[in-house]
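> would you be able to build a 3D model of this:
(one chain, ligands or ions: 4)
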Amino acid sequence: MGSAAFEKSVTGWAAQDASGVLSPYSYQLRETGPEDVVIRVLYCGICHTDIHQTKNHLGMSNYPMVPGHEVVGEVVELGSSVSKHQMGDKVGVGIIVGCCRSCGPCKTNIEQYCNKRIWTYNDVYTDGKPTQGGFASTMIVDQKFVVKIPEGLAPEQAAPLLCAGVTVYSPLAHFGLKVSGLRGGILGLGGVGHMGVKIAKAMGHHVTVISSSDKKKAEAMDHLGADNYLISSDEAQMGTAADSLDYIIDTIPVAHPLEPYLSLLKVDGKLILMGVINQPLQFITPMLMLGRKTITGTFIGSMDETQEMLEFCAEKGLTSTIEIVKMDYVNKAMERLEQNDVRYRFVVDVAGSNL
Ligand SMILES: NC(=O)C1=CN([C@@H]2O[C@H](COP(=O)(O)OP(=O)(O)OC[C@H]3O[C@@H](n4cnc5c(N)ncnc54)[C@H](OP(=O)(O)O)[C@@H]3O)[C@@H](O)[C@H]2O)C=CC1
Ligand SMILES: O=C/C=C/c1ccc(O)c(O)c1
Ligand SMILES: [Zn+2]
Ligand SMILES: [Zn+2]
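Numbering: from 1, shown residues only. Ligands and ions are numbered 1, 2, ... in the order given. The predicted model follows:
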């Protein structure tokens, strides 16, 4: 299968080593299979995971690596068996593009928990070729892993929803936390965190941002709609808020103590870890036992949840707060993201970047 004559040559921006510096890189996409959708990439968000991966924070990176997993594009070609999408549709792709389809998670439509999941980039596809992400002119993706962008959501606005949005929507839905009136905490106000505030507010929650500084306070309260703002190093503020939260979505991307945050939870409260941290985190067991509290973690959301979240955002009029950049700014953008200097997500205008 797969004649080179049908392969498509594309240009993306790839990291060549753990410096994480991206530069133009040409490669071949597979021949369009019956289930495949060919997507002209319009916009792609920059997630902190792209830094973890390009800089080999997890020790599992392969190069050249074209990152990008908050992809919005336009369908420009359809495989012969594709029924889910049509030419010209605005569509989205997140961080997985394959799964085994036969294990327990796959059969129950939580394919993100399939042990044979195929990552959008830094992985190998079923044809043996490396997968490459959305910082590229074109992607070819199996229709199962392509969602429809609803009418009314602008493509650049939708891009961060494909990872940041569903990453907060999924645990709230799964753990029965979509009900209004809950008191939620968002720890770390970055790309994932800012969508956490917006989505939790749209669900009718009272939302407390817990941040490392006061720099984002005015924006969090006035622009994002948070109800309360705590500075994590301020012991008096943290003490006042003890035992007040039903859940905390923890998006901090580096090792950090858990006990100050466990203290903020009510009885039965949940600390939901999102950050990708390859070091052990510590807590003493009475911090959980004496309040029947839970520490858990989730990974993005299913394809069904991703589509549901997009519909939810369209219905509620939710947008992401973004800074749009061209591809020739991507290295600066990733540097600024790592320095916590973005409000709140960079989105690369891929189609407008003359790759
Ligand atoms: N579980 C999953 O499925 C997913 C996991 N992730 C992971 O979630 C994490 C967050 O991603 P993302 O939102 O894109 O990242 P961002 O860099 O956009 O946001 C992280 C936020 O954490 C806070 N922070 C950053 N550095 C520190 C530090 N040294 N100490 C304390 N707080 C810090 C900052 O908020 P503030 O200024 O308010 O303190 C910052 O804005 C990453 O590890 C990413 O890989 C991302 C998507 C999906
Ligand atoms: O940005 C989305 C990816 C999240 C992620 C979660 C866990 C893990 O080990 C990763 O490599 C990425
Ligand atoms: Zn991500
Ligand atoms: Zn599976």
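> use CA for all of it now, contacts and neighbours both
OK.
> mind listing the strands for the stretch 151-300 of the chain?
In the stretch 151-300 of the chain, the segments counted as strands under DSSP state E, counting those that start in this stretch are 183-187, 206-211, 228-231, 245-250, 265-273, 294-297.
> turn these into a markdown table, including mean pLDDT, mean neighbour count and distance to residue 348.
What follows is the strands of the stretch 151-300 of the chain, written out as a markdown table (pLDDT from 0 to 100; neighbours: other Cα atoms under 10 Å; distance: least, Cα to Cα, whole Å):
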| stretch | mean pLDDT | mean neighbour count | distance to residue 348 |
| --- | --- | --- | --- |
| strand 183-187 | 98 | 27 | 25 |
| strand 206-211 | 98 | 24 | 26 |
| strand 228-231 | 98 | 19 | 30 |
| strand 245-250 | 98 | 25 | 26 |
| strand 265-273 | 98 | 21 | 27 |
| strand 294-297 | 98 | 15 | 28 |
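> can you lay out those strands as a markdown table showing distance to residue 310?
Shown next, in a markdown table, are those (distance: least, Cα to Cα, whole Å):
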| stretch | distance to residue 310 |
| --- | --- |
| strand 183-187 | 20 |
| strand 206-211 | 21 |
| strand 228-231 | 26 |
| strand 245-250 | 20 |
| strand 265-273 | 22 |
| strand 294-297 | 22 |
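> let me have those in JSON lines, adding distance to ligand 1 as columns.
JSON lines is the format used below for those (distance: least, Cα to the nearest ligand atom, whole Å):
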{"stretch": "strand 183-187", "distance to ligand 1": "7"}
{"stretch": "strand 206-211", "distance to ligand 1": "4"}
{"stretch": "strand 228-231", "distance to ligand 1": "8"}
{"stretch": "strand 245-250", "distance to ligand 1": "8"}
{"stretch": "strand 265-273", "distance to ligand 1": "7"}
{"stretch": "strand 294-297", "distance to ligand 1": "7"}
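> residues touching residue 294, list them.
Applying Cα atoms under 8 Å, 6 or more residues apart in numbering to residue 294 gives the contacts 268, 269, 270, 271, 288.
> bridged to it, which residues?
Residue 294 has these beta-bridge partners by DSSP bridges: residue 270.
> who's the closest residue to residue 71 other than its chain neighbours bridged to?
Once flanking residues are discounted, residue 71 sits nearest to residue 44: 4.5 Å by Cα to Cα, 6 or more residues apart in numbering. Judged by DSSP bridges, the bridge partners of residue 44 are residue 71, residue 348.
> give the contact list for residue 44.
Residue 44 makes contacts with 68-72, 134-135, 156, 159-160, 347-350, as judged by Cα under 8 Å, 6+ apart.
> could you do residue 252 as well?
187, 188, 274, 275.
> need the phi and psi values for it.
Backbone torsions for residue 252, taken as degrees, to the nearest 10, come to phi -60, psi 130.
> now stretch 326-336: mean pLDDT?
Across stretch 326-336, the average pLDDT comes to 98.
> check which residues of that stretch are buried.
Judged by neighbour count (16 or more other Cα atoms under 10 Å), stretch 326-336 contains these buried residues: 326, 327, 328, 330, 333, 334.
> what sits closest to the fifth one if chain neighbours are left out?
In space, residue 333 comes closest to residue 346 once its chain neighbours are excluded; the distance is 6.9 Å by Cα to Cα, 6+ apart.
> what's the answer for the third one, then?
What sits nearest to residue 328 in space, not counting adjacent residues and going by Cα to Cα, 6+ apart, is residue 353, at 7.5 Å.
> distance of that neighbour relative to residue 141?
Relative to residue 141, residue 353 is positioned 22 Å away (Cα to Cα, to the nearest Å).
> so between the two, which is more surrounded?
In this view residue 353 and residue 141 are compared by other Cα atoms under 10 Å, and residue 141 has more residues nearby, 21 against 15.
> separation between that one and ligand 4?
From residue 141 across to ligand 4, the span is 17 Å (Cα to the ion, to the nearest Å).
> what's the burial count for the nearest residue to residue 316 once chain neighbours are set aside?
Take residue 316 and drop its neighbours on the chain: the residue closest to it by Cα to Cα, 6+ apart is residue 202, 6.9 Å away. For residue 202, the tally of surrounding residues (other Cα under 10 Å) stands at 17.
> do residue 239 as well
12.
> the residue nearest to residue 333: what secondary structure?
Counting by DSSP: H, G, I helix; E, B strand; the rest coil, the backbone at residue 346 sits in strand.
> is it true that it touches residue 320?
No. Using Cα atoms under 8 Å, residue 346 is not in contact with residue 320, being 10.3 Å away.
> of those two, who's got more company?
Legend: neighbour count by other Cα under 10 Å for residue 346 and residue 320, higher for residue 346 (25 against 22).
> pLDDT score assigned to that one?
98.
> got a list of what it touches?
45, 46, 322, 323, 324, 325, 333.
> tell me which helix or strand the last one sits in.
Okay, so that is residue 333. helix 330-338 (DSSP states H and E).
> now that helix against strand 345-349, angle please.
Interaxial angle, helix 330-338 versus strand 345-349 (axes from the mean of the first three to the mean of the last three Cα atoms, to 10 degrees): 170 degrees.
> and helix 330-338, what does it pack against?
Applying 3 or more Cα pairs under 8 Å, 6 or more residues apart in numbering; DSSP states H and E, one finds that helix 330-338 contacts helix 48-54.
> show me what the helix it packs on is packed against.
In terms of contacts (3+ Cα pairs under 8 Å, 6+ apart), helix 48-54 is packed against helix 330-338.
> pull the CA atoms of the helix it packs on into CSV?
Extracted C-alpha coordinates of helix 330-338, given in CSV (Å, rounded to 0.1, in the frame of the first residue of the first chain):
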residue,chain,number,x,y,z
VAL,A,330,6.7,30.8,16.9
ASN,A,331,10.0,30.5,18.6
LYS,A,332,9.5,33.8,20.4
ALA,A,333,6.0,32.8,21.3
MET,A,334,7.1,29.5,22.8
GLU,A,335,9.8,31.4,24.8
ARG,A,336,7.2,33.8,26.1
LEU,A,337,4.8,31.0,26.9
GLU,A,338,7.5,29.3,29.0
